[in-house]
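S.K.: I'd like to go over a predicted model; first the sequence, then the structure.
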2 protein chains.
Amino acid sequence: MARSQTTKKLTRIQRQRTDIILEAALDVFSDFGFRGSTIDMIAKRAKLSKPNILYYFDNKEAIHVTVLAKLLETWLAPLHAINEDNDPIDEICKYIEQKLNMARDFPRESKLFANEILQGAPHVLPELQGTLKDLVAQKVEILEAWSKDGKIAQVDPHHLFFSIWATTQHYADFDIQVRSVLDNNTKDPFDTAGPFLKTMFSTMLTP
Amino acid sequence: MARSQTTKKLTRIQRQRTDIILEAALDVFSDFGFRGSTIDMIAKRAKLSKPNILYYFDNKEAIHVTVLAKLLETWLAPLHAINEDNDPIDEICKYIEQKLNMARDFPRESKLFANEILQGAPHVLPELQGTLKDLVAQKVEILEAWSKDGKIAQVDPHHLFFSIWATTQHYADFDIQVRSVLDNNTKDPFDTAGPFLKTMFSTMLTP
DNA sequence: AAAAAACTTGACCGTATGGTCAGATATGTA
DNA sequence: TACATATCTGACCATACGGTCAAGTTTTTT
């Protein structure tokens, strides 16, 4: 009696298996997308039988939704951390660094998220229009305050966020393209991307 | 006798139908990805029967490959256009504008390409490592020459290209996220993105 | 006009996949 | 220990999908 659990109390095994399944699912979904992934693939990776997977999750979509929900939390954490009271340029640079580190350390999450958005965000649209929009609005206010106080140059705060997201996530999502274009003997792109991006955004934002 | 055509001469009908099929395929593939698309979907959109589609293309993958090949040409055109002899900042701004226009006017192409890269570029990896890499190398030389002559600031040319690609394509690929975050009553994001991006890159590149 | 070639399709096949189920096994509990 | 509950699985089902084929229709060629 685990499937479509309504009670809150989880057994030890439930917690273990659920974690294993979600980890395997993240692997598979980020590699093949939702439609390209099969429950059997997830089962194999999780070293569980297919019916066993379906004992813990109602269906394939339920797994996907759960993976996405978990991912979104992680994904928004750096944005939350932007603090009005610190030095503006430092805060933005810190944010860029954190986003870039996430692209490096959690490429599966980045790719899965990109995939979801590309398909029109069928599972997370409400989150985008709610949580994300509100959070961004809040941080946009901070940027506008900094702008008004002359602490940073006047730039469109929304587009600033879009650019930071785009440039940092690019190194995870388009990794294969980045590495194809670069010489094989050049350094890890992530190492040189950090200074480049920080320079770019600092230069633009310095009043 | 159209399937896996080896001769060059195409009949009127072959050209017509092939175009219709590729157009429908672009629609479908860009919406659902390769695995998420079915030949029936393409057939329906093209208003042809499934066997008829397979009369013109050997299989589903052949359609996909053809769509991608066509797309790549269009995709690289603006990069080709960068000219060493014009004003550097103007050239970069022109390139940004062209890439942004493509994101606006050919979002299906942008999304399909993004999808392909996300999945590890299974069908265009040789193109990336050949055509694209060579073309970029050539344009990188131009940037380095400009840099050396003091016409633009010293920045890593590869990362500059990555950033331009990332920021411009973002407005096509992540369109749903961009629009979710913005207020509904704000202007079309594409209109404000152009000036923002040109400012950002000009500021960084001005010596 | 007639033959040849190109084009089109309904019906069909094999496989992959999401999901079910009855029953077996392990785990916890009195 | 015995009972209950949770966990697990082989076998199975229905559907969707990629692809084939024989037979039909249309277009082009002679």
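M.R.: Noted; the coordinates are in hand.
S.K.: secondary structure class for A:Thr186?
M.R.: Of the three states, A:Thr186 takes coil according to DSSP: H, G, I helix; E, B strand; the rest coil.
S.K.: got the contact list for the residue most central in space within chain A?
M.R.: Centrality entry for chain A: nearest residue to the mean C-alpha point is A:Trp75, 3.9 Å, by C-alpha atoms, centre = their mean. Applying C-beta atoms under 8 Å, 6 or more residues apart in numbering or on different chains, we find A:Trp75 in contact with A:Met102, A:Glu109, A:Phe113. The C-beta positions use only the backbone N, C-alpha and C, and glycine is treated the same way.
S.K.: can you list the residues of chain A near DNA strand D?
M.R.: A:Met1, A:Ala2, A:Thr11, A:Ile13, A:Gln14, A:Arg17, A:Leu48, A:Ser49, A:Lys50, A:Pro51, A:Asn52, A:Tyr55 (C-beta under 7 Å from any atom of the strand).
S.K.: I'd like to know how far the residue nearest to the centre of chain A sits from B:Met200.
M.R.: With the distance defined as C-beta to C-beta, to the nearest Å, A:Trp75 ends up 24 Å from B:Met200.
S.K.: all strands of chain A, in order?
M.R.: For chain A, no strands turn up when DSSP state E is the criterion.
S.K.: How is it partitioned into domains?
M.R.: Recorded structural domains for chain A (assignment: automatic domain parsing) are A:12-58, A:67-205.
S.K.: Redo those as JSON lines? Include distance to B:His80.
M.R.: Output for the domains of chain A, formatted as JSON lines (distance: least, C-beta to C-beta, whole Å):
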{"stretch": "domain A:12-58", "distance to B:His80": "31"}
{"stretch": "domain A:67-205", "distance to B:His80": "15"}
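S.K.: Please name whichever of those is nearest to DNA strand C.
M.R.: For DNA strand C, the closest of those is domain A:12-58, at 3.4 Å, according to C-beta to the nearest atom of the strand.
S.K.: That closest one and chain B, any residue contact?
M.R.: Yes. Contact of domain A:12-58 with chain B (C-beta under 8 Å from any C-beta of the partner chain) involves A:Asp31, A:Phe32, A:Gly33, A:Phe34, A:Arg35, A:Gly36.
S.K.: Which ones among these lie within helices?
M.R.: Judged by DSSP state H, helices contain the following of those: A:Asp31, A:Phe32, A:Gly33, A:Phe34, A:Arg35, A:Gly36.
S.K.: So which of the residues of chain A next to DNA strand D belong to helices?
M.R.: Mapping those onto helices (DSSP H) picks out A:Ile13, A:Gln14, A:Arg17, A:Lys50, A:Pro51, A:Asn52, A:Tyr55.
S.K.: ok, the second one touching A:Ile20?
M.R.: Just to be clear, that refers to A:Gln14. No. Between A:Gln14 and A:Ile20 there is no contact under C-beta atoms under 8 Å: 11.0 Å.
S.K.: Look at the two and report which has more neighbours.
M.R.: A:Ile20 (17 against 14; other C-beta atoms under 10 Å in any protein chain shown).
S.K.: got the contact list for the more buried one?
M.R.: A:Ala46, A:Lys47, A:Leu48.
S.K.: cool, A:Trp165 as well?
M.R.: Counting by C-beta under 8 Å, 6+ apart, A:Trp165 has contacts A:Lys99, B:His170, B:Phe174.
S.K.: Any idea how many residues pack against the second one?
M.R.: Here the number of neighbours of B:His170 (other C-beta under 10 Å) works out to 27.
S.K.: From A:Gln154, how far out is the closest residue to it other than its chain neighbours?
M.R.: Spatial nearest neighbour of B:His170, chain neighbours left out: A:Ala166 (3.6 Å); criterion: C-beta to C-beta, 6 or more residues apart in numbering or on different chains. Distance of A:Ala166 to A:Gln154, computed by C-beta to C-beta: 21 Å.
S.K.: Looking at those two, which is more packed in?
M.R.: Taking neighbours as other C-beta under 10 Å, A:Ala166 and A:Gln154 compare with A:Ala166 leading, 22 against 12.
S.K.: Tabulate the residues of domain A:12-58 next to chain B (a markdown table), appending distance to B:Met204.
M.R.: A markdown table is the format used below for these (distance: C-beta to C-beta, whole Å):
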| residue | distance to B:Met204 |
| --- | --- |
| A:Asp31 | 35 |
| A:Phe32 | 37 |
| A:Gly33 | 35 |
| A:Phe34 | 38 |
| A:Arg35 | 40 |
| A:Gly36 | 38 |
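S.K.: Which residue ranges of chain A form helices?
M.R.: So, for chain A - with DSSP H - the helices run A:12-36, A:39-46, A:50-56, A:60-80, A:88-105, A:107-118, A:125-127, A:133-148, A:157-173, A:175-181, A:189-205.
S.K.: ok, A:Thr168 - contacts?
M.R.: Here A:Thr168 is in contact with A:Ile96, A:Lys99, A:Leu100, A:Met102, A:Ala103, A:Ala193, A:Leu197 (criterion: C-beta under 8 Å, 6+ apart).
S.K.: Quick check, the fourth one in contact with A:Ser110.
M.R.: Translated: A:Met102. Yes. Counting by C-beta under 8 Å, A:Met102 does reach A:Ser110; the two are 7.0 Å apart.
S.K.: who touches both of these two?
M.R.: A:Ala172.
S.K.: out of these two, which sits in the more crowded spot?
M.R.: A:Ser110 (25 against 19).
S.K.: Look at the nearest residue to the more buried one once chain neighbours are set aside and say how many residues are nearby.
M.R.: With sequence-adjacent residues excluded and distances taken as C-beta to C-beta, 6+ apart, A:Ser110 is closest to A:Ala172, at 3.7 Å. The local packing of A:Ala172 (other C-beta under 10 Å) involves 25 other residues.
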